[in-house]
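A.B. asks: Please find the sequence and the predicted model below.
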Amino acid sequence: MQAYTTWAGVVAFAAAIAVALGWRANWVPAPLMEVLSYVSSGFLLDGALTALEIAALAMIGGILLGLLLALMRLSSMAPIRGTAWLYIWFIRGTPLILQLVFLYDALPLFGIKLDSFTTAVVGFTLNEAAFSAEIIRGGILSVDRKQSLAAASFGMSAFLTLRRIILPQAMRAILPGMANQTISMIKGTSIASVIFVNELTFRSQQIVGQNFKFFTVFAAAGIIYLIMTSVVAMAQFYLERHYNPEAAGKSRAGVPPAIAAVDNGVAGIPGESGTAWMDRLQGDPADRSPGDEPFVVCRNVQKSYGDKEILRGIDLTVRRGEVVVLMGPSGSGKSTLLRLVNHLETLDWGEITVDGKYVGYKKVIGDGLKPIRNVAKARADARIGMVFQHFNLFDHLTALENIIEAPVHVYGEETEKMRALARNLLRAVGLTSHADHFPHRLSGGQQQRVAIARALAISPRLMLFDEPTSALDPELVGEVLAVIRRLAEAGMTMIVVTHEVRFAREVADRVIFMDEGLIVEQGPPEVVLDHPKHERTQRFLRMVEQADDLMTAPLAQPAEAPRSFGK
Ligand SMILES: Nc1ncnc2c1ncn2[C@@H]1O[C@H](COP(=O)(O)OP(=O)(O)OP(=O)(O)O)[C@@H](O)[C@H]1O
């Protein structure tokens, strides 16, 4: 594609040179000379400028209004959704020419008198907004919802998520449609002649009305339109390259000095060595020793989706520095419980505190808990790192950019300082040389290790792992579990949803077995895993054992072994 565009540019440039030389030497055939003389005439160029002005202003206004309409269409509130739908339905369903005539002739009856140019800009803007809204909505819908979930888990507000995560990814789907719209708009400005806007087509008709040279004058107008629309096509090409992570990645490959520094063993935060940075991540090392102090407390937690009860009264306390493994059959509500802890879902009943505080709720006397207005800030303040089953890395950002995104844009940390921290984290998870790789160029195990580093970059006080290895090939499971194991050794408080029995036996302080929204059994791993009391736990563990027997592959070591976090 790039080669074709380059060749098209070369051919166009050569043709322009040939015409210019031919013009000077009088080699150009007389009819072509005449067409070219109209192309360069001030009268037509002035009309072209008017067309461009209308198109540019209407496109800017239309995109802004279209973005607003697209967001309204995606709103959870029916009246807002309905208003936007009605607007789009009406504007798309009526001819632009009628809308322009209405604005020009009918508005003065209501005391609003606009000149023809302003009327054209307003008319085209209102029209463009309806079409842009649907293109933008399509782009937003094309971005996986898991991206928003990951952003929310880091305390990113809805606006920040839209600006930093959703729109940059949606742009690739939006740009072709928008370029089409812009080109249609430039050509369509000729409709403005019905309200006497003196644009290019109108001026061509005026000339033809005097000299009857249809072919020559309209050919000149056509050439001018072609030049204007070609500029849009070129802008589209460069913007698409800009928003293409693959192409952008090539240009970002210039970062490697940082990587080289790490590989030479000199990277890291200046003045910090060994595991000092890990201490800094987690605050006072004294806080990390497991104690009796409750850190996460769930009391009578209940949650339903529609009529379906998912959690039916969970009581659970996780102590500071404790590693709790949640197990249970699919649908028992484990992931829902994790999402409730950091308020990615709202509680129906009961309460959850993290370090003695509600995450995004306030207590209303006699009415239980009510979500506060700024839940995103509450999530950020809680500093809960979350790792998802499907990694949910931001697809348009490199590994390093994924890690620094929340620290820089949510917590306002300095970019350079965070880049140094990110490089240290990548080294800790054994991915030093992958800092500039986009997620799609990493294996599942590598993506999950980046996701863990990303969660650690916010200096979490609690880590939630939602089946971190169940989407991985068996040989990649070991490299992720090795990283989690080292975090446990470093004293991180963690709730891990997993079916990895061997890992739970080695790492968990406590195993909790859930079924049908209730805690069925809990205790030290050697009790729950080796001598389960409940029939449901016994049956589940037998099934997991059978599944493990089928997977004969041993736990693999990471390609680049993670460094120890140490105590
Ligand atoms: N947003 C949602 N809307 C409706 N139902 C949901 C939603 N999220 C989860 N559920 C349902 O809630 C139930 C519990 O889901 P959850 O993901 O918590 O279970 P789980 O124990 O983690 O299962 P798995 O191990 O398969 O992930 C499932 O039946 C699921 O279909």
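C.D. replies: Arrived safely, thanks for sending.

A.B. asks: rest of the way, CA atoms for contacts and neighbours
C.D. replies: OK.

A.B. asks: and residue 532, what does it touch?
C.D. replies: 521, 538 (Cα atoms under 8 Å, 6 or more residues apart in numbering).

A.B. asks: Now do it, the pLDDT please.
C.D. replies: On pLDDT, residue 532 comes in at 89.

A.B. asks: ditto for residue 135
C.D. replies: 96.

A.B. asks: and it, which of the three is it?
C.D. replies: Under DSSP: H, G, I helix; E, B strand; the rest coil, the three-state class of residue 135 is helix.

A.B. asks: What's the local residue count around it?
C.D. replies: By the measure other Cα atoms under 10 Å, the count of residues near residue 135 is 24.

A.B. asks: Low-confidence stretches in the stretch 251-400 of the chain?
C.D. replies: Flagging of the stretch 251-400 of the chain using pLDDT under 70 yields the residue ranges 251-291.

A.B. asks: The ligand contacts on that one?
C.D. replies: 305, 310, 330, 331, 332, 333, 334, 335, 336 (Cα under 6 Å from any ligand atom).

A.B. asks: ranking the residues you listed by neighbours, who comes first?
C.D. replies: Most surrounded of these: other Cα under 10 Å gives residue 334, at 27 neighbours.

A.B. asks: So that one is in contact with residue 340, correct?
C.D. replies: No: applying Cα atoms under 8 Å as the test, residue 334 and residue 340 come out as separate, 10.0 Å apart.

A.B. asks: re the thing from before, determine which two of the residues of the stretch 251-400 of the chain next to the ligand are furthest apart.
C.D. replies: 305 and 330 (15.8 Å; Cα to Cα).

A.B. asks: how close does residue 502 get to residue 437?
C.D. replies: Going from residue 502 to residue 437 by Cα to Cα, to the nearest Å gives 32 Å.

A.B. asks: And residue 292, by the same measure?
C.D. replies: With Cα to Cα as the criterion, residue 292 and residue 437 are 42 Å apart.

A.B. asks: before we move on, the earlier item: with distance to residue 226 and secondary structure added, can I get the residues of the stretch 251-400 of the chain next to the ligand in TSV?
C.D. replies: Listed next are these as TSV, based on distance: Cα to Cα, whole Å; DSSP: H, G, I helix; E, B strand; the rest coil:
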residue	distance to residue 226	secondary structure
305	55	strand
310	60	strand
330	59	coil
331	59	coil
332	62	coil
333	60	coil
334	59	helix
335	56	helix
336	56	helix
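
A.B. asks: Would you mark the buried spots in stretch 197-209?
C.D. replies: 197, 198, 199, 200, 201, 202, 203, 204, 205, 207, 208 (16 or more other Cα atoms under 10 Å).

A.B. asks: Next, the residue lying closest to the second one once chain neighbours are set aside: secondary structure please.
C.D. replies: The reference is to residue 198. Among residues not flanking residue 198 along the chain, residue 47 sits closest, at 6.1 Å (Cα to Cα, 6 or more residues apart in numbering). Per three-state DSSP, the local secondary structure of residue 47 is helix.

A.B. asks: if I read this right, residue 47 contacts residue 193, doesn't it?
C.D. replies: No: counting by Cα under 8 Å, residue 193 is not a contact partner of residue 47; they are 10.8 Å apart.

A.B. asks: What is the burial count for residue 312?
C.D. replies: 17.

A.B. asks: typo on my end, residue 340
C.D. replies: Residue 340, neighbours per other Cα under 10 Å, totals 20.

A.B. asks: For it, which residues are in contact?
C.D. replies: 346, 347, 352 are the contacts of residue 340 under Cα under 8 Å, 6+ apart.

A.B. asks: I'd like to know how far the first one sits from residue 337.
C.D. replies: It stands for residue 346. 10 Å.

A.B. asks: likewise the second one?
C.D. replies: Here the criterion is Cα to Cα. By it, residue 347 lies 10 Å from residue 337.

A.B. asks: Check the last one too.
C.D. replies: Here the criterion is Cα to Cα. By it, residue 352 lies 10 Å from residue 337.

A.B. asks: try residue 30
C.D. replies: From residue 30 across to residue 337, the span is 80 Å (Cα to Cα).

A.B. asks: what does residue 156 give?
C.D. replies: Distance from residue 156 to residue 337, by Cα to Cα: 21 Å.

A.B. asks: cool, and residue 372?
C.D. replies: Look at residue 372 and residue 337: by Cα to Cα, they are 20 Å apart.

A.B. asks: tell me which parts of this structure are close to the ligand?
C.D. replies: 305, 310, 330, 331, 332, 333, 334, 335, 336.

A.B. asks: Cool, thanks, talk later.
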